[in-house]
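Output the structure for:
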Amino acid sequence: MKKLTLVAFAAVAGLSLAACNQQDRTEVKEGAQAAGSEVKEAAQDIANNKDVKEAGAAIGAAGEEAAGAVKDAAQDVKKSAEEMAADAKKEAEEAKAAVGDTSRGGEAEKK
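You can find the predicted model right below:
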């Protein structure tokens, strides 16, 4: 008899927990759906906000300006490097001429 009472109590307790869990799950599901709707609405509000759009445009313009500045700087560096190479070559040729080096097809190579 004790076993039957214990089984019956366990069955009633199990059904109560199952019903409670279903209700809890339903409430959690509804809460999640409501929160999802609110997040979606807030995201749309942000996306359509005039200030946010202006900030996005300003960021895009700043990015374009920065890219242009980097490109200009790279061109300046390239030009400076070319000028420095030309100057170094000229100075090397002048130094060779000053000491009488004729190694480019001159008499020193033939010997």
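
what's the average pLDDT for whichever strand or helix holds E93?
Using DSSP states H and E, E93 sits in helix 50-99. Here helix 50-99 scores 91 as its mean pLDDT.

now it: how far from the chain's centre is it?
Here helix 50-99 shows a centroid-to-chain-centroid distance of 25 Å under the convention Cα atoms, centre = their mean, to the nearest Å.

Distance-wise, check the most centrally placed residue in the chain relative to E54.
For the chain, G63 is the residue whose C-alpha lies nearest the centre (Cα atoms, centre = their mean; 13.6 Å). As judged by Cβ to Cβ, to the nearest Å, G63 and E54 stand 15 Å apart. (C-beta placed from N, C-alpha, C; glycine too.)

next one: D45
Taking Cβ to Cβ as the measure, D45 and E54 are separated by 15 Å.

go on, Q44?
Using Cβ to Cβ, we find Q44 at a distance of 17 Å from E54.

Q75 now?
The separation that Q75 has from E54, given Cβ to Cβ, amounts to 32 Å.

Ok, A35 next?
Here the criterion is Cβ to Cβ. By it, A35 lies 29 Å from E54.

same check, this time on A67
Relative to E54, A67 is positioned 20 Å away (criterion: Cβ to Cβ).

next one: A73
Relative to E54, A73 is positioned 28 Å away (Cβ to Cβ).

can you check E82 too?
Computed with Cβ to Cβ, the distance linking E82 and E54 is 42 Å.

likewise G68?
Taking Cβ to Cβ as the criterion, G68 is separated from E54 by 21 Å.

One more: V70?
Distance of V70 to E54, computed by Cβ to Cβ: 25 Å.

ditto for K71
According to Cβ to Cβ, K71 stands 26 Å off from E54.
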